[in-house]
Each structure stands twice: as C-alpha cells, then as structure tokens.
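Participant: no sequence on this one, just coordinates:
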C-alpha cells in the first residue's frame, strides 16, 4: 500500500462528507491533518490534528513535527481510531442494524427471530 510508506498525511477538503482518504491514511498508520468540517473530523477525533485555517494548520503541523513524543501519542490515538474503521466492525454494525430493524418489523418476542451468528473475518 502506497500510504504505508509515509508517516504523515493532509486533507485539504474543507467539507468532506466521510473522508475515505483520511480513513485510509489512518489505517495505514499516518498522522493525518484535516480541516475542521465534515466526517473526517470524526475519524481523526483529536484537536491537534484538526485545523480551522491555514495559520492554524501550520502551527499544528510544526508542533507535531517538532516532537517525537507528540507523534508517538498521536499514533497511539490513531491506532485506536483505525480499529474502529475495520471491515469486521463495519459488517457487524450493519448486521446489528438490520437485525434490530427486522426484530421491530416482525414484533419482539416471536419465535425464530434470534440474533444471527456473525462469523469473524479475522485471519
């Protein structure tokens, strides 16, 4: 993966609906900087990596680049965020939503409407 060879990323899109590029950067282990707007801020979820304007971006990027300790802390934070973006977690969440929808539609307590077995995707 190309991004896995890099340590940092930046997204300049001010109002990104989800931020798939940012999610990929985080999953690849990059420290990603994003503008304050859209779903990308939920992926990053750290004030040191979310900037309001160009001057704020420069201040935050300089602060992170100048401290290995800050970088290590941010990588730890983003590693936790990356686990939230796993395919398995996404599939399990969708299955739970569908099951709850079907449960409400069919009526609670009817026989035969048990939670389905969810297979693991882990290797």
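Facilitator: Perfect, I can see it now. Please read these numbers as outputs of a predicted model, since none were measured by experiment.

Participant: show me where the chain has strands.
Facilitator: 8-10, 31-35, 50-51 (DSSP state E).

Participant: and stretch 43-51, what's buried?
Facilitator: 43-44, 48-51 (16 or more other CB atoms under 10 Å). Any C-beta I mention is one placed from the backbone N, CA and C, and that applies to glycine too.

Participant: how many residues are close by the nearest residue to residue 85 once chain neighbours are set aside?
Facilitator: Sequence neighbours aside, residue 23 is the residue nearest to residue 85 in space, at 5.2 Å (criterion: CB to CB, 6 or more residues apart in numbering). By the criterion of other CB atoms under 10 Å, residue 23 has 19 neighbours.

Participant: and residue 23, how close does it get to residue 7?
Facilitator: According to CB to CB, to the nearest Å, residue 23 stands 17 Å off from residue 7.

Participant: what does residue 64 give?
Facilitator: Distance from residue 64 to residue 7, by CB to CB: 10 Å.

Participant: can you pull the residues that touch both of those two?
Facilitator: 31, 71 (CB atoms under 8 Å, 6 or more residues apart in numbering).
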